[in-house]
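What follows is a predicted structure for the sequence shown.
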Amino acid sequence: MGDPILLIDRIGVRFGDFQALSDLSLSVEPHAIHSLIGPNGAGKTTLFNALTGVRRPTSGIVLFDGRDVTRIAAHTRVHYGMSRSFQVTALFAELTVEENLRLAVQARYSREGWVFWRSPARRTDIAEEVHQLAAEVGLAERSTARVEDLSHGGQRSLEIGMALAGRPKMVFLDEPLAGMGIDDVHRTKELIRSLRSRMAVLLIEHNMGVVLDISDRITVMAAGRKIAEGSPAEIRQDPIVRSAYLGSAA
Amino acid sequence: MEARMFPNATTFVVLVLLLGLPFVVPTTLAIQIAAFALGTLSVSVLLGGVGLLSFGQGLYLGVGAYGAGILLRDFQLGLLPSLAAAAVLGGFVACAVGSLIVRRQGVYFVMLTLAFAQMGYFAMLAFKRFTGGENGLTGVPRLLSLFGYAIDDARTMYCLAAGIFFCVFLLTQRLLASPFGSVLASIKQNEARSEALGYAVGLYKTAAFAFAGAIAGLAGGLHVLSLGFVSPNNIELEMSQRLLVMGIIGGVSSPAGALAGAIFYEAVAETLSLIWPRWLALIALLLVAIVLFVPGGLWSLGARLTDLARRRKHG
């Protein structure tokens, strides 16, 4: 194994008196699917926000691709190759699927957004890429629909498409399967598995079947701390995890 | 969002309105409408394009008006350079203010635009030597020419004002239907998501604010040219408020709403002021009615009617 793509060294996040995350260290290998599991309130989304620049950690360091990104603005991280999806669907609801994806692809060309003298349609290369992305996340037939008219599962798929549009080196997926129907879950699981050839994935997910199936490594969190880490097989056997989280489901 | 295509039916309707206006209302009123429509355009670009509510566009209009007035009177600068300077000044001040305040959200942003507008008014009073203070800036030359054509009566002045409005309107339509405009629209819908996609939201908002400031500055310059003096109420809060009211009455979903709002406001004011000196109260009532019953403004009403007619024809 080479150098990790993401290295987190003892980061902490504090909201007033509440220590949401304490001394958490983690490393993610390139082209690995690394999952975060733990009960609600364990600090998984807080960790995501600290890693993607939404909330600055109160202590610790985040290294991405060998670069210290602890204090880098969220929009700059995207250009370094970090991209995220949101737990609560956060799309441009009144725009079409196509336009959402186009905005996400366009963001990668940092100068394109400043072009004010011609139509966006003139960039056929961007349009072509949007087309491919829509097909990849299973939305090719709905590309001219407004996002607010999509099913919940469709919106979750688009959310992943938006994160992939940045051609990231690493993608952060926050509960991508939540609220999806059974067909969508299967397709999305295969999509995430296929991402491994192109990028590293940090995944927050409650669907244990999927997590145990596709992860290379799993970190278990509880009350803002890491309580266990290992391969899916090791996690399945871990007595602490079994009692604290997996219960009889495992 | 209707501004996806350029030029479109809206472009044509605006052109027809501008050509027909001087045949329907007195020419002096038509000039005033064109100048105010331009000022209102700065409100609708911000509110309709990026979702920024500015209560202080009068500041940039005032800066443009005083700038152009001083250049015309004391430096004998020509018509076009003075107007260009008014736009640059408005844009420059808005860029400076914008870079300070665009990070603030919602009510805080609105309060800051208001505070800066108020500061502008007091600055005008403080620099009485240059601005004439409460007496206004008088003695601005009125004999002007453009490429050899004399701009010396109401008719030629209207051609100038309407021409400038139409050019800026075209530029605004183009801009809103461009990749830049699409980023602004995304910020309006979901700012956090735009940022997460990699757009430098603060810079985009500042650029839009500066663009709107330049439009307001140009409107101020036009106002001076048509009146021959700068009245202090160009930079008063009431001006900011009036631009906002015109913008909301007309509707901000299309830049054409600025023209609709200015025509309606000025026409109603002209008619009502003859009947009742407290006509502003009626404007307030009309504003309430529009916000309650036609939330998209007058322009959206037109679009809705054509939509209905089309459906009736097909159904």
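Received the coordinates, thanks. Numbers count the residues shown, from 1 in each chain, chains lettered A, B, ... in the order given.

Nearest residue to the middle of chain B?
What sits nearest the mean C-alpha location of chain B, by CA atoms, centre = their mean, is B:Gly39, with 1.9 Å.

so how far is the strand or helix carrying that one off the chain centroid?
Using DSSP states H and E, B:Gly39 falls within helix B:27-44. Taking the mean of its C-alpha atoms, helix B:27-44 sits 7 Å from the chain's own mean (CA atoms, centre = their mean, to the nearest Å).

if I look at B:Gly198, how far off is chain A?
Using CB to the nearest CB, to the nearest Å, we find B:Gly198 at a distance of 3 Å from chain A. The way it works is simple: take the backbone N, C-alpha and C, and place the C-beta from them, glycine included.

In contact with B:Leu19, which residues are there?
Contacts for B:Leu19 (CB atoms under 8 Å, 6 or more residues apart in numbering or on different chains) come out as B:Ala162.

And the contacts of stretch B:263-278?
Contacts with stretch B:263-278, where a contact means CB under 8 Å, 6+ apart, come from B:17, B:21, B:25, B:29, B:32-33, B:36-37, B:242, B:245-246, B:249-250, B:279, B:282-283, B:286, B:298.

quick one: which of these sit in helices?
Mapping the contacts of stretch B:263-278 onto helices (DSSP state H) picks out B:17, B:21, B:29, B:32-33, B:36-37, B:242, B:245-246, B:249-250, B:279, B:282-283, B:286, B:298.

can you pull out the helices in the stretch 151-300 of chain B?
Shown for the stretch 151-300 of chain B, the helices assigned by DSSP state H, counting those that start in this stretch span residues B:154-176, B:179-189, B:191-197, B:201-227, B:237-250, B:256-275, B:279-293, B:297-314.

Could you list the buried residues of the first one?
In other words, helix B:154-176. B:156-162, B:164-166, B:168-176 (16 or more other CB atoms under 10 Å in any protein chain shown).

Need the mean per-residue confidence for stretch A:68-79.
For stretch A:68-79, mean pLDDT rounds to 88.

Tell me the span between the first and last residue of it.
14 Å (CA to CA, to the nearest Å).

Now that stretch: buried residues?
A:Val69, A:Thr70, A:Ile72, A:Ala74, A:His75, A:Arg77, A:Val78.

Contact distance from chain A - what residues of the stretch 101-250 of chain B qualify?
Within the stretch 101-250 of chain B, the residues that sit near chain A (CB under 8 Å from any CB of the partner chain) are B:174-175, B:177-183, B:185-186, B:189-190, B:192-201, B:204, B:207.

Just confirm A:His31 is within a strand.
No. According to DSSP: H, G, I helix; E, B strand; the rest coil, the state of A:His31 is coil, so it is not within a strand.

Quick one: low-confidence residue ranges for chain B.
B:1-5, B:143, B:314-315 (pLDDT under 70).

wait, does stretch A:46-65 contact chain B?
Yes. For stretch A:46-65, a contact with chain B is found by CB under 8 Å from any CB, at A:Thr52, A:Val54.

Just the residues contacting that stretch, thanks.
A:5-14, A:20-21, A:23-24, A:36, A:68-74, A:76-77, A:80-82, A:84, A:169-170, A:172, A:174, A:202, A:204, A:221, A:224, B:192, B:196.

ok, of the residues you listed, which come out buried?
Among these, those buried by neighbour count (16+ other CB under 10 Å) are A:5-8, A:11-13, A:20-21, A:24, A:36, A:69-70, A:72, A:74, A:77, A:80-82, A:84, A:169-170, A:172, A:174, A:202, A:204, A:221, A:224, B:196.

Output the helix holding B:Gly39 as CSV, restricted to C-alpha atoms.
The C-alpha coordinates for helix B:27-44 follow below in CSV (Å, rounded to 0.1, in the frame of the first residue of the first chain):
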residue,chain,number,x,y,z
THR,B,27,-42.1,62.6,-23.8
THR,B,28,-40.6,64.0,-20.5
LEU,B,29,-42.4,61.3,-18.6
ALA,B,30,-41.1,58.7,-21.1
ILE,B,31,-37.5,59.9,-20.4
GLN,B,32,-38.1,59.6,-16.7
ILE,B,33,-39.5,56.1,-17.1
ALA,B,34,-36.5,55.0,-19.2
ALA,B,35,-34.0,56.3,-16.5
PHE,B,36,-36.0,54.7,-13.7
ALA,B,37,-36.3,51.4,-15.6
LEU,B,38,-32.6,51.3,-15.8
GLY,B,39,-32.2,52.0,-12.1
THR,B,40,-34.8,49.3,-11.4
LEU,B,41,-32.9,46.9,-13.6
SER,B,42,-30.1,47.0,-11.0
VAL,B,43,-32.6,45.8,-8.4
SER,B,44,-34.0,43.0,-10.5
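
Next secondary structure after it?
With DSSP H and E, the next secondary element past helix B:27-44 is helix B:57-74.

Now that next one: buried residues?
Residues B:57-73 are the ones in helix B:57-74 that count as buried (16+ other CB under 10 Å).

For that helix, list the C-alpha coordinates in CSV.
Provided in CSV are the C-alpha atoms of helix B:57-74 (Å, rounded to 0.1, in the frame of the first residue of the first chain):
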residue,chain,number,x,y,z
GLN,B,57,-29.3,50.8,-4.9
GLY,B,58,-30.1,54.5,-4.6
LEU,B,59,-26.5,54.9,-3.3
TYR,B,60,-25.0,53.8,-6.6
LEU,B,61,-27.5,55.8,-8.6
GLY,B,62,-26.6,58.8,-6.5
VAL,B,63,-22.9,58.2,-6.9
GLY,B,64,-23.3,58.0,-10.7
ALA,B,65,-25.5,61.1,-10.8
TYR,B,66,-23.1,63.3,-8.7
GLY,B,67,-20.1,61.9,-10.6
ALA,B,68,-21.6,62.6,-14.0
GLY,B,69,-22.9,66.0,-12.9
ILE,B,70,-19.5,67.2,-11.6
LEU,B,71,-17.7,65.9,-14.7
LEU,B,72,-20.1,67.5,-17.1
ARG,B,73,-20.1,70.9,-15.2
ASP,B,74,-16.7,71.3,-13.8
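
tilt between that helix and helix B:237-250?
120 degrees (axes from the mean of the first three to the mean of the last three CA atoms, to 10 degrees).

Can you name the residues that contact the residue nearest to B:Ile249 when sequence neighbours are not counted?
Distances taken as CB to CB, 6 or more residues apart in numbering or on different chains place B:Gly261 nearest to B:Ile249, at 4.5 Å, with adjacent residues excluded. Contacts for B:Gly261 (CB under 8 Å, 6+ apart) come out as B:Ala37, B:Thr40, B:Val245, B:Met246, B:Gly247, B:Ile248, B:Ile249, B:Gly250, B:Gly251, B:Gly297, B:Leu298.
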